[in-house]
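In: here you go, sequence then predicted model.
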Amino acid sequence: MKLSKFILAFLVLSALVFALPACKSKQKVVEIPGANAKAGTSTSENQQKTTSPVIVTQPTTSTENVPEITRSESFSLAEGETNQSAMNYKYHVVVGSFRNQSNAKGLQRTLSNEGYNPVIVINEQGMFRVIMNSFNTYNEAHVFISKIQSRFPDAWVLIQK
């Protein structure tokens with residue numbers, strides 16, 4: 001009888017040893033180098049004109065090609081937004097798009113807590129876009145997207161119509 005209790009205890013302990021490591025979170029925390037840099041400090045003449053929607057494949061800092069979406073649409077600051085300075089830039093990096101403004105506010109809060117100055121805009125179809133950063137040139141926006149690619153793989157460039 002003692003032997004069977006010992007075997008049972010051994011099996012339960014073994015199961016716990018293998019089961020507990022499987023419960024660890026697989027989420028990665030990523031540091032974005034240069035994330036606190038001021039947006040749009042360059043005034044390059046090398047601006048590109050695009051139409052809506054366009055898929056652009058450009059090389060990143062590595063050797064792989066990352067498909068990137070660029071959209072041109074009319075939008076304005078969402079109700080309650082006060083960061084009018086973001087509207088002075090032509091290229092905006094969107095990291096979230098929501099039908100519900102409260103979902104957009106949640107992402108905005110998270111990004112604000114990380115030191116960013118995100119802005120929520122609304123387009124003509126009522127979609128709330130969370131803009132993480134804005135730039136004067138497409139190339140600056142593209143470089144920023146390549147830096148945040150691992151955290152926001154669906155980030156894209158929004159151009160005001």
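Out: In hand now; what should we look at? Numbering: from 1, shown residues only.
In: and the pLDDT at the nearest residue to residue 124 once chain neighbours are set aside?
Out: Excluding the flanking residues, the one nearest residue 124 by Cβ to Cβ, 6 or more residues apart in numbering is residue 74, at 5.4 Å. Heads up, the C-betas are built off the backbone N, CA and C, glycines and all. As predicted, residue 74 sits at a pLDDT of 94.
In: surely residue 74 and residue 129 touch.
Out: No - counting by Cβ atoms under 8 Å, residue 74 stays clear of residue 129, with 11.6 Å between them.
In: which neighbours do the two have in common?
Out: residue 123 (Cβ atoms under 8 Å, 6 or more residues apart in numbering).
In: out of those two, which sits in the more crowded spot?
Out: residue 129 (22 against 11; other Cβ atoms under 10 Å).
In: need the phi and psi values for the more buried one.
Out: The phi and psi values for residue 129, taken as degrees, to the nearest 10, are phi -100, psi 130.
In: now do the contacts for it.
Out: Residue 129 neighbours (Cβ under 8 Å, 6+ apart): 75, 92, 94, 96, 97, 104, 120, 121, 122, 123, 158.
In: and those residues, which are buried?
Out: Among the contacts of residue 129, those classed as buried by 16 or more other Cβ atoms under 10 Å are 75, 92, 94, 96, 97, 104, 120, 121, 122, 123, 158.
In: now the second one, what's its secondary structure?
Out: Going back to what we said before, that points to residue 92. Look at residue 92: counting by DSSP: H, G, I helix; E, B strand; the rest coil, its state is strand.
In: show me the shaky parts of this structure.
Out: Scanning the chain for pLDDT under 70 picks out the ranges 1-3, 6, 12-68.
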